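Colleague: can't give you the sequence, but here's the structure:
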């Protein structure tokens, strides 16, 4: 199994946990809207599209910042806000690691393909 598949699975689990956590933590209309926003990139994340992983990281960063700010602003909800910020941070790191690892895998595959073509053309010219 490729390393990007492991990172992708972690990112998917963390993203789904974030969606579930947002809706269960405060069952209000706003939390349902936030969960719906998080569901927008879910299809691309499921299919492993690198571009979707890249732009969803910007979206997830707002959730990390928002929950950290809430944890510091409201002492009564500090534990749950920091727990949600931790889940969002894990999601953010996993999404970014998937983009990085898949870019390295693509570069390595391109280098192997280029080397194979060069070798084949050298054999043909002999």
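Modeller: Okay, I see it. Since we're looking at a predicted model, the values are computed, not measured. Residues are numbered from 1 along each chain as shown.

Colleague: what about the longest helix in the protein?
Modeller: The residue-count maximum for a helix in the chain (DSSP state H) belongs to helix 78-125.

Colleague: low-scoring pLDDT stretches of this protein, where are they?
Modeller: Along the chain, the parts satisfying pLDDT under 70 run over 1, 116, 118-126.

Colleague: Contact partners for the spatially most central residue of it?
Modeller: Computing the C-alpha centroid of the chain and ranking residues by CA atoms, centre = their mean puts residue 95 first, at 2.3 Å. Going by CB atoms under 8 Å, 6 or more residues apart in numbering, residue 95 touches 11, 15, 45, 53, 54, 56, 57, 60. In short, each C-beta sits where N, CA and C put it, glycine included.

Colleague: Report the buried members of these.
Modeller: Buried subset of the contacts of residue 95 (neighbour count, 16 or more other CB atoms under 10 Å): 11, 15, 45, 53, 56, 57, 60.

Colleague: excluding its backbone neighbours, what's nearest the fifth one?
Modeller: By that I understand residue 56. Closest residue to residue 56 apart from its sequence neighbours, by CB to CB, 6 or more residues apart in numbering: residue 41 at 3.9 Å.

Colleague: Quick one: residues contacting that neighbour.
Modeller: Applying CB under 8 Å, 6+ apart, the residues contacting residue 41 are 52, 55, 56, 59.
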